[in-house]
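K.L.:
I'll drop the sequence and a predicted model, then ask my questions.
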Amino acid sequence: MRVFVAGASGAVGRPTIRRLVAAGHEVVGTTRREERAAEIREVGAEAAVCDVLDAEALRKVVVAARPEVVIHALTALPERFDPKSDYLAATNRLREEGTRNLVTAAKAAGVRRVVAESVAFFYEPEGDWVKDEEAPLFRDPPGRFAAGRDALVSMERQVLEAEELEGVVLRFGWFYGPGTYYDRGGSVADEVEKRRYPVIGKGQGTFSHIHVDDAAAAYVAALDRGSPGIYNVVDDEPAPVREWLPVYAEALGAKPPRRVPAWLARLVAGKDLVATATTTRGASNAKAKRELGWQPEHPSWRQGFAESLRA
């Protein structure tokens, strides 16, 4: 199968193109930077240097690639995660304008299916602590998360409602593994090592994690499995911060995280971060397992953190 991967040089894009090539697919991967094109070619894929915000250039590249399936793995997250900054701005633009350009190009190329990356941690923080795909997304997220939520809704609708295309949305959990914020040298790892990532309040915010290799495997599975629709792609063990954060710190070789009251964390880190740490809901992967035939190779962060951080 011919597959076009938009965002092939990212933390998820890299393992995705490796798995696609290993499975015998013909792959064209995009990157915005010429220096990253060599990495794409090294694993046996074709590289296309292209800015997806240039609609006409993208259309020409996709049409020339003649893909059957397009994978939308586009993000533009900064190197350092700073919840006080507008760190989602560039990614929001890709999810709205970039998705529009990519869907238009896919139609022009006669693509059958588009598989797009979304997130599984924007569910409305009410009721059960673990959500399936039918649960509503955040209705009124705090601060800058509001723009992020709007961009996600726009992206998902564009993919799912595109005429002439099968739209599949993969809602991923919090990424860990090579090239992520959780990797050694990543900003989350640095904060945990410096004991600046505390358990806030009761630490009940529930996170669903996913190793980047398992995310890549889900992309491969979704090429030709599952009906159009939304799938949570997360590991088997959603867990509150008070459970997973000490295990992650231990895997890093760091001291246990501090515990701070929510009122103090709001003063120091801001209300957005406190809301994430205390109200986030986890996600169920039952549908992805059942309909995509996908199984995570790292079923739990309990082992996955340590395995991913081994030197």
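P.N.:
Cool, got the structure.

K.L.:
contacting residues for residue 232?
P.N.:
120, 131-133, 171, 173, 208, 283-285, 287-288 (Cβ atoms under 8 Å, 6 or more residues apart in numbering). Glycine gets a C-beta too; all of them are placed from N, C-alpha and C.

K.L.:
what about it, which SS state?
P.N.:
strand (DSSP: H, G, I helix; E, B strand; the rest coil).

K.L.:
can you count the residues close to the residue lying closest to it once chain neighbours are set aside?
P.N.:
The shortest distance from residue 232 to any non-neighbouring residue, by Cβ to Cβ, 6 or more residues apart in numbering, is to residue 283 (4.1 Å). As a burial measure, residue 283 scores 30 neighbours (other Cβ atoms under 10 Å).

K.L.:
tell me the spacing between residue 283 and residue 49.
P.N.:
35 Å (Cβ to Cβ, to the nearest Å).

K.L.:
cool, residue 191 as well?
P.N.:
Per Cβ to Cβ, residue 191 is found 34 Å from residue 49.

K.L.:
for residue 17, same thing?
P.N.:
Here the criterion is Cβ to Cβ. By it, residue 17 lies 15 Å from residue 49.

K.L.:
can you check residue 248 too?
P.N.:
36 Å.

K.L.:
out of these two, which sits in the busier spot?
P.N.:
residue 248 (24 against 15).

K.L.:
could you look up the SS state of the more buried one?
P.N.:
helix.

K.L.:
hang on, the earlier thing: so which of the contacts of residue 232 belong to helices?
P.N.:
Residues of the contacts of residue 232 located in helices (DSSP state H): 287-288.

K.L.:
what average pLDDT does stretch 166-178 get?
P.N.:
For stretch 166-178, mean pLDDT rounds to 98.

K.L.:
do stretch 304-311 as well
P.N.:
If you average the pLDDT values across stretch 304-311, you get 90.

K.L.:
next, the residues that contact it from outside, please.
P.N.:
When contacts are defined by Cβ under 8 Å, 6+ apart, stretch 304-311 is touched by residues 176-178, 182-184, 209, 211, 235, 247-248, 251-252, 298.

K.L.:
which residues in the stretch 1-150 of the chain form strands?
P.N.:
Secondary structure of the stretch 1-150 of the chain by DSSP state E, counting those that start in this stretch: the strands cover 2-6, 26-31, 46-49, 69-72, 113-119, 130-131.

K.L.:
distance to residue 266 for those - can I get that in JSON lines?
P.N.:
Supplementary listing: the strands of the stretch 1-150 of the chain in JSON lines, determined by distance: least, Cβ to Cβ, whole Å:
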{"stretch": "strand 2-6", "distance to residue 266": "38"}
{"stretch": "strand 26-31", "distance to residue 266": "39"}
{"stretch": "strand 46-49", "distance to residue 266": "44"}
{"stretch": "strand 69-72", "distance to residue 266": "35"}
{"stretch": "strand 113-119", "distance to residue 266": "24"}
{"stretch": "strand 130-131", "distance to residue 266": "25"}
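
K.L.:
alright, that wraps it up for me.
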